[in-house]
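Participant: mind folding the following:
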Amino acid sequence: MTNLRSMFREISNRYDLLNHIITFGFDIVWRRLVANRIILRGVILDLCCGAGELISLLSRDVDSKSFLVGLDFTEDMLKRAQRRRETKEGKAHKRIDFVLADAKRLPFKDSSIDCICMSFSFRNLTFKNTEASTYIEEILRVLKAKGRFIFIETGQPQSRFVRRILHIYLERIMPMIGGAISGCKGAYRYLSTSVINFPQANKIGNLLKEAGFLKVSIKPVTLGVVTLFECSK
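Facilitator: Now for the predicted structure:
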């Protein structure tokens, strides 16, 4: 994962801005879908939290009965996430913590997390990754019995027309925009390639069931451009 770490380090300063631009602001709506499905009870882990947009949404309703943890392997991303933690009064939110670690070796005890969530990061752990099963096993290991794994990821629209338009945009336009604004065109070529070649949602669902999740719910969103997954241990 060294190359990915370096890539995200390079684009960290413009990461949020570019997410908004290349998705026409839909990334905000999609992350809210995840946040709305999470019951704020116990320990909630935002895995591969990046610059902290999802955990920021969750923090608005966090109370004394829950605790949020954001984990990422890129220090620059975590620094940006930590800055989001500041309230309007300038004080750090006491019910949130951030951890610098690799998702392959989660620094948590077995069955210690009530809910794990992700937004557009599951692909980075599993796309053409020979260690994909290790990441899923770690998620299962730290989840409590009946714990939930909720994430949103890019999808493959069922409509050939919609899928073709999406792929043209990803191949020709997104790398150009991402490269021009971030100065790292290679990063957005990778992101484009990983989205275009990511498996159909049902294949991801089968992968999660084979790994050990008892229930997997799959919901296509925005004509199947993205997919919301809800899994239980």
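Participant: and the lengthiest strand in the chain, average pLDDT?
Facilitator: Determined from DSSP state E, the single longest strand within the chain is strand 143-154. Mean pLDDT, computed over strand 143-154, is 97.
Participant: likewise for stretch 193-203?
Facilitator: If you average the pLDDT over stretch 193-203, you get 94.
Participant: which residues belonging to that stretch are considered buried?
Facilitator: Neighbour counts using 16 or more other Cβ atoms under 10 Å place 194, 195, 198, 201 of stretch 193-203 among the buried residues. From N, CA and C alone the C-beta is placed, and that goes for glycine too.
Participant: what does stretch 151-166 give?
Facilitator: Those buried within stretch 151-166 under the rule 16+ other Cβ under 10 Å are 151, 152, 153, 154, 155, 156, 157, 163, 166.
Participant: go on, stretch 135-146?
Facilitator: Using 16+ other Cβ under 10 Å as the test for burial, stretch 135-146 gives 135, 136, 138, 139, 140, 141, 142, 143.
Participant: looking at those, spot the one nearest residue 34.
Facilitator: Using Cβ to Cβ, residue 139 comes nearest to residue 34 of the buried residues of stretch 135-146, at 15.2 Å.
Participant: that closest one is in contact with residue 48, isn't it?
Facilitator: No. Taking contacts as Cβ atoms under 8 Å, residue 139 lies outside contact range of residue 48: 10.9 Å.
Participant: could you pull up the mean pLDDT of stretch 110-120?
Facilitator: Mean predicted confidence for stretch 110-120 is 97.
Participant: in helices only, show me the buried residues of stretch 193-203.
Facilitator: If you go by DSSP state H, those have 194, 195, 201 in helices.
Participant: I figured the second one hits residue 163, correct?
Facilitator: So the one you mean is residue 195. No. Because the distance of 11.2 Å does not satisfy Cβ under 8 Å, residue 195 is recorded as not touching residue 163.
Participant: what are the boundaries of the strands in the chain?
Facilitator: In the chain, the strands defined using DSSP E lie at 42-47, 66-72, 96-100, 113-119, 143-154, 215-221, 226-232.
Participant: just put those strands in CSV and tack on distance to residue 26.
Facilitator: Formatted as CSV, the entries for those read as follows, by distance: least, Cβ to Cβ, whole Å:
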stretch, distance to residue 26
strand 42-47, 19
strand 66-72, 22
strand 96-100, 25
strand 113-119, 12
strand 143-154, 11
strand 215-221, 9
strand 226-232, 8
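Participant: for the ones you listed, which one sits closest to residue 6?
Facilitator: Shortest distance between residue 6 and these, using Cβ to Cβ, is found for strand 66-72: 13.9 Å.
Participant: could you export that closest one as CSV, CA atoms only?
Facilitator: The C-alpha trace of strand 66-72 is given here as CSV (Å, rounded to 0.1, in the frame of the first residue of the first chain):
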residue,chain,number,x,y,z
SER,A,66,-21.0,6.9,21.8
PHE,A,67,-17.4,7.4,20.7
LEU,A,68,-16.1,8.1,17.2
VAL,A,69,-12.7,6.9,15.9
GLY,A,70,-11.2,8.0,12.5
LEU,A,71,-8.4,5.8,11.2
ASP,A,72,-6.2,6.4,8.2
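Participant: neighbouring strands - and their directions - for that strand?
Facilitator: Paired with strand 66-72 in the same sheet, following DSSP bridges, are strand 42-47 (parallel), strand 96-100 (parallel).
Participant: coming back round to it: would you list the buried residues of stretch 135-146 in JSON lines and tack on distance to residue 187?
Facilitator: Compiled in JSON lines, the buried residues of stretch 135-146 are given as follows (distance: Cβ to Cβ, whole Å):
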{"residue": "135", "distance to residue 187": "21"}
{"residue": "136", "distance to residue 187": "25"}
{"residue": "138", "distance to residue 187": "25"}
{"residue": "139", "distance to residue 187": "25"}
{"residue": "140", "distance to residue 187": "30"}
{"residue": "141", "distance to residue 187": "30"}
{"residue": "142", "distance to residue 187": "29"}
{"residue": "143", "distance to residue 187": "31"}
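Participant: kind regards, and thank you for your time.
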